[in-house]
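K.L.:
Got a predicted model here, sequence first, then my questions.
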Amino acid sequence: MADKPVLKISPDLFRWARTSVGLPLVVAAKRIGVKPDKLEEWEGEQAFPTPRQLEKAADAYKRPVATFFLPEPPEEPPLPIDFRTPALTTRNFSTPTRLAIRRARWLKEVYAEIGENRRANIPHQTDSRPESLAAVIQGWLPKTLSAVRGRQPDDALRVWRQSLEDDGLLVFQFSLPAADAHAFSLADDVPTIVLNSRDSYSRRIFSIVHELAHLILRQPGLCSPSEYVDLDGSNQIEMRCNAAAALALVPDGDLAEQTPVARLRRGGDISEALEPLARAFAVSREVILRRLFDLEIVSRQGFRRTIELLRREFEEKQKLKKKRKIIVQPSTKAVSQLGRNFVTNVLSAHERGAISDSDVAEYLGVRLHHVDKIQELVGTD
């Protein structure tokens with residue numbers, strides 16, 4: 001029986017492809033269908049996989065097969081600054097998060113190449129005090145902050161996203177591990193915010209404003225924005241971006257004027273006040289609770305007791321959520337993930353012949369027959 005044909009691949013490329021996506025050797029070997037010691041041999045000596053094994057490796061590492069025939073591993077930009085607390089090293093970025101970062105950067109490059117877009121004009125300052133950052137956000141986006149008041153969270157998120165996209169930013173929504181990150185931002189030529197599509201709409205609103213604070217400071221990175229808890233004092237930037245987001249969304253004066261706040265000052269129930277206040281400002285109850293505590297309307301004891309109640313309620317909702325299976329159409333998913341700004345630029349480039357049919361399908365992440373439906377979705381308000 002003749003030996004199976006094999007391919008000569010650089011061990012450096014095999015090792016780079018695995019580590020760049022954050023896969024442990026044992027997991028990667030299982031996905032490729034070889035024993036761990038075989039993969040370790042490929043990465044340490046000369047790699048001689050069969051064509052089928054190489055295809056499986058390319059799929060496991062989410063790289064084109066052609067990548068493995070390069071003379072050496074390509075240079076890639078470093079992973080974003082890790083602002084999570086407790087701070088984890090970049091070695092602990094999960095595979096889904098690394099892939100989300102890679103995808104966002106690629107889409108950003110596509111947009112810069114094909115888009116008929118105008119340069120985003122984001123304010124810049126070095127003063128990271130929450131009051132100062134909040135004032136910049138309020139001065140930059142006063143119409144947006146006003147327009148979202150009283151809206152349902154999903155509608156308010158749509159307004160926020162459209163407003164930022166109109167200003168030249170990209171806002172993507174990818175599924176990230178819940179315990180890993182809630183958002184990240186990228187700067188350079190096209191400022192980009194990536195939200196965790198697993199989060200509630202109200203949490204995503206907070207994450208958008210939190211990431212705006214990072215972009216204003218020109219310090220983008222990977223974050224786990226906290227709506228109600230000040231982070232460890234060792235991470236001053238993250239703590240201040242949290243506070244700035246809360247202040248921008250729920251200003252002191254506007255909150256103090258609300259009727260439920262007057263009731264609270266007279267000894268009213270905290271839990272009963274949170275829901276109407278959250279609706280009024282189109283934010284989560286956690287943001288409202290944080291702001292009430294900041295203004296000393298709620299005591300530390302009341303804050304802690306209510307936070308615990310909200311956490312237990314959230315955990316119960318998550319259990320119910322896991323039991324539900326929601327089917328989303330590919331066209332709807334593409335628009336939700338990529339946003340109208342990116343999608344309309346891709347469709348426009350396709351219409352004027354700047355990109356091919358296969359390009360538009362690849363950029364939107366769908367089969368070509370879904371493009372007409374996507375056109376309908378972004379062509380109507």
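P.N.:
Now that the structure is in, tell me what you want to look at.

K.L.:
Where does the prediction get shaky in the stretch 151-300 of the chain?
P.N.:
For the stretch 151-300 of the chain, the stretches with pLDDT under 70 are 229-234.

K.L.:
and Thr332, how many neighbours?
P.N.:
Using other Cβ atoms under 10 Å, Thr332 has 13 other residues around it. In short, each C-beta sits where N, CA and C put it, glycine included.

K.L.:
before we move on, what about Arg305?
P.N.:
Neighbours of Arg305 (other Cβ under 10 Å): 13.

K.L.:
and what of Ala112?
P.N.:
Ala112 has 13 neighbouring residues, counting by other Cβ under 10 Å.

K.L.:
For the host helix or strand of it, what is the distance to the chain centroid?
P.N.:
Using DSSP states H and E, the element containing Ala112 is helix 95-114. Once both centres are worked out by Cα atoms, centre = their mean, to the nearest Å, helix 95-114 turns out to sit 11 Å from its chain's centre.

K.L.:
Was I right to think Ala334 contacts Val366?
P.N.:
Yes. Using Cβ atoms under 8 Å, Ala334 is in contact with Val366, at 5.2 Å.

K.L.:
contacting residues around Thr126?
P.N.:
Leu217 (Cβ atoms under 8 Å, 6 or more residues apart in numbering).

K.L.:
typed the wrong thing, it's Leu274
P.N.:
When the contact criterion is Cβ under 8 Å, 6+ apart, the partners of Leu274 are 285, 288-289, 306.

K.L.:
try Pro73
P.N.:
12-13, 16-17.

K.L.:
coming back round to it: from the contact counts, what lies against the helix holding Ala112?
P.N.:
The contact analysis (3 or more Cβ pairs under 8 Å, 6 or more residues apart in numbering; DSSP states H and E) places helix 95-114 against strand 170-174, strand 183-186, strand 192-196, helix 330-351.

K.L.:
repeat that with 10 Å
P.N.:
Applying 3 or more Cβ pairs under 10 Å, 6 or more residues apart in numbering; DSSP states H and E, we find helix 95-114 packed against helix 11-20, helix 51-61, strand 170-174, strand 183-186, strand 192-196, strand 221-223, helix 330-351, helix 357-364.

K.L.:
Tabulate these in JSON lines, adding columns for distance to Val261.
P.N.:
Listed next are the helices and strands packed on helix 95-114 as JSON lines, based on distance: least, Cβ to Cβ, whole Å:
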{"stretch": "helix 11-20", "distance to Val261": "51"}
{"stretch": "helix 51-61", "distance to Val261": "53"}
{"stretch": "strand 170-174", "distance to Val261": "32"}
{"stretch": "strand 183-186", "distance to Val261": "29"}
{"stretch": "strand 192-196", "distance to Val261": "29"}
{"stretch": "strand 221-223", "distance to Val261": "29"}
{"stretch": "helix 330-351", "distance to Val261": "35"}
{"stretch": "helix 357-364", "distance to Val261": "46"}
